[in-house]
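Test case, fold it:
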Amino acid sequence: MKTQKIGAWIAVLFGASYFIIPLIATFEFSLRMRRGEYSFDAYRSVFSDVQFRMNPSATQS
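Numbering: from 1, shown residues only. Next up, the predicted model:
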């Protein structure tokens, strides 16, 4: 019974890691628009784009 619990927790941790690690890596990558430092410049660039603000469905193709 105890080994089933441990196996279940290992599966949950593996599954959570499978989704969380790529999300963290994507966020970290998006902060590195400038070399050697973190900033929100990439987000600022996207949200200041007039086409993005006026028609968000145009970005989906």
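
From now on I want contacts and neighbour counts done on CA atoms only, so please keep to that.
Noted.

Flag the shaky bits of the chain, pLDDT-wise.
1, 55-61 (pLDDT under 70).

again, only using 80
Along the chain, the parts satisfying pLDDT under 80 run over 1, 51-61.

In it, what residue spans correspond to strands?
Using DSSP state E, the chain contains no strands.

Next one: the most centrally placed residue in it from residue 17, what distance?
In the chain, the residue lying closest to the centroid (CA atoms, centre = their mean) is residue 23, at 3.1 Å. Separation of residue 23 from residue 17 (CA to CA, to the nearest Å): 10 Å.

One more: residue 47?
Distance from residue 47 to residue 17, by CA to CA: 30 Å.

Repeat that for residue 3.
Taking CA to CA, one finds residue 3 at 21 Å from residue 17.

Between the two, tell me which one has more neighbours.
Remark: of residue 3 and residue 17, residue 17 carries more neighbours, 12 against 8, as counted by other CA atoms under 10 Å.

gap between the residue nearest to the centre of the chain and residue 43?
For residue 23, the distance to residue 43 equals 16 Å [CA to CA].

where do the helices sit along the protein?
Remark: helices assigned in the chain by DSSP state H are 2-30, 41-48, 50-54.

count of neighbours near the closest residue to residue 33 other than its chain neighbours?
If you skip the residues right next to it in sequence, residue 33 has residue 42 as its closest partner in space, 6.0 Å away by CA to CA, 6 or more residues apart in numbering. For residue 42, the neighbour count with other CA under 10 Å is 14.
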